[in-house]
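1. 3D, please:
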Amino acid sequence: MSRVIETWKFRPHPLLANAHMQTVFGLRWPQRAAPYAARVHHVPLEDGDQLALHEDVPFENSENAPSILLLHGLSGGHDSSYMCRLVERLTPRGYRVFRLDMRGCGAGEGIARKPNHCGRSEDVASVLNFIAELHTDSPTTLIAFSMGGTLALNMLAEAGEMRIGNFERALMICPPIDLFSIERHFRSFLGRPYDKFFVKNIWAQVLRRWQAFPETAPKTIPQRPKRLRDIDHLVVAPSGGFASAEEYYAKTQPGPKLEAIRQPVTILFSQDDPVVPFAPLFDFPHSSSVETIVTSHGGHLGFLGQPGLDADIRWIDWRILEWLEHLPLSLEKCKQRVCSR
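-> Reported below is the predicted structural model:
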């Protein structure tokens, strides 16, 4: 089983202790966005689609500066608040930051005919290899949020001990582990508002893709579905070769694959996450390469902490920086094992 670490003590903001407030204000809390200054790469995929990859260079640019690949969550993109904040935190500290727009997301709209889904692990592998070709001597760390973590976990489970690009280790924040549990949760009273939120955003994305690529659209455009599961069944599953939403969930959820991971992964979860159920994290056996960090509060990607403990209330950002600065012994052993292959 994985090791559970309890060194990350999160104390929520006294006015934002509720999980839903953490989640909503975590997304909406005001912040000053730095001017966009990234270089955009188009990463080709084997099926003809492309991904948009945004590269922000460190203040003291060098070819062997360590690279960070950021993966967004469902309906997110390179301009999601957590992605932009990390660029501002990391580039002054000497990191080269890559923000990926997954298929049809952000700047990826118009260059991908197929939708993104939890099984597109090969897309993440293609990006890691692309980064390694750009910067041969730059070690790469992966930081993934929500659904981005699902893709990355699937990729690492499938890779086993095979190193992809210059990958070294990964941090997954609130990743969906059991897709069936999310579908059930979204049918509940507390989960329904989040289901509606994602339906609105994802259906708009689907319509824009059908407009850009009319040959992929059905003859009659249906009305907006009521549930995310309906979009998964009508759009996502057929595009990925799955017979139904249920088959899609069964084949792309990472829970049953966690035991196959052989490279260092840290998973951070909040017990009160109102979007992604926490309990399935421990319903499946993990390999010894998987570390888990669990906080009592934090919501979904919120983690707005008490004022005065860090430079600002974005607790998660400062823990990410600390995590990056400490190379675990398990990682050193893994690097020796992988590089010797």
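2. show me the shaky parts of the stretch 201-341 of the chain.
-> 327-341 (pLDDT under 70).
3. now the helices: where do they sit in it?
-> 228-231, 237-239, 245-252, 315-325, 329-339 (DSSP state H, counting those that start in this stretch).
4. what is the neighbour count of the nearest residue to residue 106 once chain neighbours are set aside?
-> What sits nearest to residue 106 in space, not counting adjacent residues and going by Cβ to Cβ, 6 or more residues apart in numbering, is residue 77, at 3.0 Å. Where you see a C-beta, it was placed from the backbone N, CA and C, and this is true even at glycine. Residues lying near residue 77 (other Cβ atoms under 10 Å) number 21.
5. and if you look at residue 152?
-> Look at residue 152: counted by other Cβ under 10 Å, it has 26 neighbours.
6. what helix or strand does it sit in?
-> Assigned by DSSP states H and E, residue 152 belongs to helix 147-159.
7. quick one: mean pLDDT over that helix.
-> In this model, helix 147-159 has a mean pLDDT of 98.
8. what helices or strands is it leaning on?
-> On a contact count with 3 or more Cβ pairs under 8 Å, 6 or more residues apart in numbering; DSSP states H and E, helix 147-159 meets strand 67-71, helix 121-134, strand 140-145, strand 167-173, strand 265-270.
9. may I have the third one as CSV, with CA atoms only?
-> Spelled out, it's strand 140-145. Output of strand 140-145 as CSV, limited to C-alpha atoms (Å, rounded to 0.1, in the frame of the first residue of the first chain):
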residue,chain,number,x,y,z
THR,A,140,10.5,17.3,-16.0
THR,A,141,8.1,17.3,-13.1
LEU,A,142,4.3,16.9,-13.7
ILE,A,143,1.7,18.7,-11.6
ALA,A,144,-1.9,17.8,-12.4
PHE,A,145,-5.2,19.1,-11.2
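10. just want the most central residue of the protein.
-> What sits nearest the mean C-alpha location of the chain, by Cα atoms, centre = their mean, is residue 148, with 2.2 Å.
11. contact partners for it?
-> 70-73, 76, 100, 102, 175 (Cβ atoms under 8 Å, 6 or more residues apart in numbering).
12. what about 7 Å?
-> By Cβ atoms under 7 Å, 6 or more residues apart in numbering, the contact list for residue 148 reads 71-73.
13. got phi/psi on residue 100?
-> The phi/psi pair for residue 100 (degrees, to the nearest 10) reads phi -90, psi 130.
14. who does it bridge with?
-> residue 53, residue 71 (DSSP bridges).
15. surely it and residue 53 touch.
-> Yes - counting by Cβ atoms under 7 Å, residue 53 is a contact partner of residue 100 at 5.5 Å.
16. pLDDT and distance to residue 246 for the contacts of residue 148 - can I get that in TSV?
-> Converted to TSV, the contacts of residue 148 look like this (pLDDT from 0 to 100; distance: Cβ to Cβ, whole Å):
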residue	pLDDT	distance to residue 246
71	98	25
72	98	26
73	97	22
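17. make TSV out of those and add distance to residue 22.
-> Formatted as TSV, the contacts of residue 148 follow (distance: Cβ to Cβ, whole Å):
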residue	distance to residue 22
71	21
72	19
73	15
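18. out of those residues, who's the most crowded?
-> That'd be residue 71 among the contacts of residue 148, by other Cβ under 10 Å, with 29 neighbours.
19. could you check how far that residue is from residue 220?
-> Counting by Cβ to Cβ, to the nearest Å, the gap from residue 71 to residue 220 is 34 Å.
20. can you check residue 70 too?
-> 38 Å.
21. higher neighbour count, these two?
-> Legend: neighbour count by other Cβ under 10 Å for residue 70 and residue 220, higher for residue 70 (24 against 5).
22. now the more buried one: closest residue in space, sequence neighbours ignored.
-> residue 99 is the one closest to residue 70 (Cβ to Cβ, 6+ apart), at 4.9 Å.
23. look up how far residue 198 lies from residue 273.
-> 15 Å.
24. same question but for residue 129, I mixed them up
-> Residue 129 is 30 Å from residue 198, by Cβ to Cβ.
25. so which of the two has more stuff around it?
-> residue 198 (18 against 15).
26. am I right that that one falls within a helix?
-> Yes - assessed with DSSP: H, G, I helix; E, B strand; the rest coil, residue 198 lies in a helix.
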